[in-house]
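Colleague: okay, here's the prediction I keep looking at, along with the sequence it came from:
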There are 2 protein chains.
Amino acid sequence: MVKRTSFEGDSCPIARSLEALGDWWSLLIIREALFGVRRFGEFQSRLGMAKNILAARLRSLVDHGILATAPASDGSAYQEYLLTPKGRGTFPILVALRQWSEEFDDHPEEIATILVDRARGRPVKKLEMRAEDGRLLSPADTTLKPRPARRRSA
Amino acid sequence: MVKRTSFEGDSCPIARSLEALGDWWSLLIIREALFGVRRFGEFQSRLGMAKNILAARLRSLVDHGILATAPASDGSAYQEYLLTPKGRGTFPILVALRQWSEEFDDHPEEIATILVDRARGRPVKKLEMRAEDGRLLSPADTTLKPRPARRRSA
DNA sequence: GCAATCTAGTTTCATCATGCAACTAAGGAG
DNA sequence: CTCCTTAGTTGCATGATGAAACTAGATTGC
């Protein structure tokens, strides 16, 4: 087998996420969907990507439960693609990618938009990692533990 | 040109991040680096990837300023790959991917590890988006604004 | 000091994925 | 009924990926 390696059976949750999101287009499609884009043609024109690739990605995202198809809301007989809760759950990932670019990009002047709190128009605060009790954590303050087996009584 | 589209000139910071991180292996290499992996052979054996691909990815990550090469710390004449601050700055992205998988994966029992606060051994809190004043924000509470032009006097 | 081995790659070649362009079939507009 | 739009699929050229073989310099054993 020379095909692209799949992370589907991998036990690492990061690899498992990448299995669904880790190609060049999926996260950008989700970004558009979060902006309210629903129709095939609108994804295609806004992202400027080839239609066959878009069709393949949409199918993959539906298969992974990130998008779902529904009859078009404008009354036409076409369908639209809507984010599921799992799809909306990717929002922190997109925010993390955005903030990383804002902080470390070599040409930040080329970044066109900033994410702001709608009520105040002020930038969203940097994502931070905290312990259950609220202490701010750095990478070095964390470690990995084996996942505890699920108890039957729970 | 039929080559893979590049997001390098794109004005969206998410696309720009994906330019550096958006392939199948880069984030996993960074994950290992965060665990302290530094040497070519150790990346290769832990990730189980082809050596030519690993060499290409390491070169790309160095080019993007995410890794830097340094003489090996064990005194040998080989070199090692160390995360730069920009590389360590990807940690929230990895945490976001991990938490998304933990929350939405269809087979969570296959996930082997959980990320915990080292001091208490308790799971890290979910990343949350907050306004400058600390208010918790949902995706709908945010919007995009054009980036303000940088003032010269600043 | 020299042969054997290890490390960190590069090269080769087969296969897969991506992307453009052309094609198609069902819907809608007039 | 005819034309245009939407949402795809198909074909083909090219780039990316991966397994395996190869290589050069570093290290180790003796």
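Modeller: Right, received. Where do you want to start?

Colleague: I'd like to know how many residues surround residue A:50.
Modeller: 12 (other CB atoms under 10 Å in any protein chain shown). Every C-beta, even on glycine, is put in place using the N, C-alpha and C of the backbone.

Colleague: what's near enough to touch it?
Modeller: Residues in contact with residue A:50 (CB atoms under 8 Å, 6 or more residues apart in numbering or on different chains): none are found.

Colleague: name the element residue A:46 belongs to?
Modeller: Secondary-structure element containing residue A:46, defined by DSSP states H and E: helix A:40-47.

Colleague: between the very next helix or strand once past that helix and helix A:40-47, how many degrees?
Modeller: Counting by DSSP H and E, the element after helix A:40-47 in chain order, helix or strand, is helix A:51-63. Computed with axes from the mean of the first three to the mean of the last three CA atoms, to 10 degrees, the direction of helix A:51-63 lies at 110 degrees from that of helix A:40-47.

Colleague: any idea how far residue A:127 lies from DNA strand D?
Modeller: Using CB to the nearest atom of the strand, to the nearest Å, we find residue A:127 at a distance of 27 Å from DNA strand D.

Colleague: surely residue A:12 is in contact with residue B:115?
Modeller: No - distance between residue A:12 and residue B:115: 11.1 Å, which falls outside the contact criterion (CB atoms under 8 Å).

Colleague: tell me, how many neighbours does residue A:12 end up with?
Modeller: Applying other CB under 10 Å, we find 19 other residues in the vicinity of residue A:12.

Colleague: repeat for the one 3 residues further on
Modeller: With neighbours defined by other CB under 10 Å, the count for residue A:15 comes to 23.

Colleague: any idea how far the residue nearest the centre of chain A lies from chain B?
Modeller: Nearest to the geometric centre of chain A sits residue A:90, at 3.7 Å (CA atoms, centre = their mean). Applying CB to the nearest CB, to the nearest Å, one obtains 6 Å for the distance of residue A:90 from chain B.

Colleague: what's the closest non-adjacent residue to that residue?
Modeller: Nearest residue to residue A:90 in three dimensions, chain neighbours excluded: residue A:30, at 5.5 Å (CB to CB, 6 or more residues apart in numbering or on different chains).

Colleague: what number of residues lie near the one you found?
Modeller: Applying other CB under 10 Å, we find 24 residues neighbouring residue A:30.

Colleague: for chain A, which segments count as helices?
Modeller: Counting by DSSP state H, residue ranges of the helices within chain A are A:13-21, A:26-34, A:40-47, A:51-63, A:85-88, A:91-104.

Colleague: in TSV, list these along with distance to residue A:72 and mean pLDDT.
Modeller: Putting the helices of chain A into TSV (distance: least, CB to CB, whole Å; pLDDT from 0 to 100) gives the following:
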stretch	distance to residue A:72	mean pLDDT
helix A:13-21	25	94
helix A:26-34	15	96
helix A:40-47	10	96
helix A:51-63	15	97
helix A:85-88	18	97
helix A:91-104	24	96
